[in-house]
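Chemist: after the sequence you'll find the predicted model.
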Amino acid sequence: MRKIVVYELLSLDGVAEDPDAFFADWDEAMDANLAAVIATQDAVILGRRSYAEWAQFWPTSDIEPFASFINGVTKYVATSTPLDLEWANATAVDGGLVGFVRDLRQQDGGDIGVHASISVAQALLAAGVVDELKVVIAPRIAGSGRRLLDGLPSIKLESIQSGMSPTGYLMADYRVVP
């Protein structure tokens with residue numbers, strides 16, 4: 001069975017919205033962490049807003065290792081409307097997201113990543129279909145913005161690994177305990 005892996009950039013107070021506002025000192029350790037996360041993924045699930053923003057940025061980006069990965073990987077977009085922007089290997093999810101993800105994880109393949117899409121991550125965490133939660137926490141309090149974990153039921157996590165980047169970002173990986 002494939003794993004569903006949520007990867008999110010957060011402020012210390014849990015804000016996931018607009019991480020560019022609190023992620024300023026990206027370093028080699030964070031690049032290596034991201035490279036390890038995406039190395040096992042062959043599909044990504046995005047929300048409608050993340051897709052719209054990313055489809056305008058990533059196809060012409062040279063920010064590696066993510067640009068090559070996201071431009072080549074299969075992208076499933078949680079949306080009830082047709083996709084406005086074309087982007088290689090992107091498909092709108094037909095029907096309910098949770099059922100789609102349950103079916104997708106039964107197919108052969110690598111890990112399925114959820115990147116940047118707060119509402120998608122929340123829906124999948126709440127439904128109990130996420131296997132791992134990987135976060136990078138900035139040494140900054142955002143103060144306002146959508147928080148990743150707001151509104152979720154109690155979810156038990158088990159630490160897989162953690163580390164600190166040279167610029168003070170905490171990288172923590174958790175397994176979701178069913």
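Modeler: Now that the structure is in, tell me what you want to look at.

Chemist: what comes into contact with stretch 5-14?
Modeler: Stretch 5-14 is contacted by residues 16, 19, 22-23, 34, 37, 40-41, 111-116, 118, 121, 124-125, 130-143, 145, 147-150 when judged by C-beta atoms under 8 Å, 6 or more residues apart in numbering. Using the backbone N, CA and C atoms, a C-beta is placed for each residue, glycine as well.

Chemist: now list the buried members of those residues.
Modeler: Neighbour-count burial (16 or more other C-beta atoms under 10 Å) applied to the contacts of stretch 5-14 gives 16, 19, 22-23, 34, 37, 41, 111-116, 118, 121, 124-125, 130-138, 140, 142, 145, 147-149.

Chemist: starting at the chain centroid, how far to the host helix or strand of residue 175?
Modeler: Element membership for residue 175, per DSSP states H and E: strand 170-176. Taking C-alpha atoms, centre = their mean, to the nearest Å, the mean C-alpha location of strand 170-176 is offset from the chain mean by 13 Å.

Chemist: which strands and helices lie in contact with that strand?
Modeler: Contacts defined by 3 or more C-beta pairs under 8 Å, 6 or more residues apart in numbering; DSSP states H and E place strand 170-176 against helix 28-39, strand 132-137, strand 157-164.

Chemist: how about 7 Å then?
Modeler: If contacts are counted by 3 or more C-beta pairs under 7 Å, 6 or more residues apart in numbering; DSSP states H and E, strand 170-176 sits against strand 132-137, strand 157-164.

Chemist: turn those into a markdown table, including mean pLDDT and distance to residue 54.
Modeler: Putting those into a markdown table (pLDDT from 0 to 100; distance: least, C-beta to C-beta, whole Å) gives the following:
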| stretch | mean pLDDT | distance to residue 54 |
| --- | --- | --- |
| strand 132-137 | 98 | 18 |
| strand 157-164 | 98 | 27 |
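
Chemist: out of these, which gets nearest to residue 107?
Modeler: Nearest of those to residue 107, taken as C-beta to C-beta: strand 132-137 at 18.2 Å.

Chemist: got the angle between the closest one and helix 28-39?
Modeler: Strand 132-137 runs at 160 degrees relative to helix 28-39, counting by axes from the mean of the first three to the mean of the last three C-alpha atoms, to 10 degrees.

Chemist: what's the distance between strand 132-137 and the middle of its chain?
Modeler: With C-alpha atoms, centre = their mean, you get 9 Å for strand 132-137.

Chemist: hmm, back to that, from the contacts of stretch 5-14, which land in strands?
Modeler: Mapping the contacts of stretch 5-14 onto strands (DSSP state E) picks out 41, 111, 112, 113, 114, 115, 132, 133, 134, 135, 136, 137.
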